[in-house]
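Attaching a predicted model along with its sequence, questions to come.
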Amino acid sequence: MVKQAHGFWRWPLIICVCASPLALAGCTSFALDDGIPNTAPPAIVVGAKNTPRPEALAKLDTGTYPTFAKQMTAANTQIGDAEATSSQTQLEQLGAARQSGAVSEAEYQSRVAELRRLAGQHAADAEKQIAN
């Protein structure tokens, strides 16, 4: 008799464990159409109320085709090949002199500062020339 009573205490636990998922599954429902429309909300434009509406763009018909035959002019003159080559060789010579030790670090830094100052002045001069 003791053995039978010993096995019966497990049955309520087993029933509870098996019935819990079934009971919880009944609490939720899945519906494809829940009554809420799936459209985007209307756009709300925030701005001044008295702003006039922009006019529609009108086609400008001149009767001719557009042309790009006019010579385009640059805002500033381009660097020439000779000037680029001379600048490149000058910088290469300065770098080689620094690596070989012919130029001290202080002299190298002063030349670099001078070139940077020249570049800064050139940019400011070019902007003034473009503005005029």
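Here it is on my side, so go on.

continuing past the host helix or strand of Thr85, what's the next helix or strand?
Assessed by DSSP states H and E, Thr85 sits inside helix 81-100. Using DSSP H and E, the helix or strand that follows helix 81-100 in sequence is helix 105-131.

where does this protein dip in pLDDT?
1-9, 22-34, 47-48, 51, 54, 76 (pLDDT under 70).

how does it look with 80?
1-13, 16-41, 43-62, 65-79, 119-120, 122-127, 129-132 (pLDDT under 80).

Report how many residues lie close to Leu115.
A total of 14 residues lie near Leu115 under the criterion other CB atoms under 10 Å. Yep, even glycine has a C-beta here, placed from its N, CA and C like the rest.

From Pro12, how far out is it?
91 Å (CB to CB, to the nearest Å).

and what of Asp125?
Counting by CB to CB - Asp125 and Pro12 are separated by 95 Å.

now do Gln129
96 Å.

Give the burial count for Pro12, as a bare number.
9.

Also Val103?
For Val103, using other CB under 10 Å, the count is 18.

which residues touch it?
Residues in contact with Val103 (CB atoms under 8 Å, 6 or more residues apart in numbering) are 94, 97, 111.

Could you export these as a markdown table, including neighbour count?
Listed next are the contacts of Val103 as a markdown table, based on neighbours: other CB atoms under 10 Å:
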| residue | neighbour count |
| --- | --- |
| Leu94 | 17 |
| Ala97 | 15 |
| Arg111 | 16 |
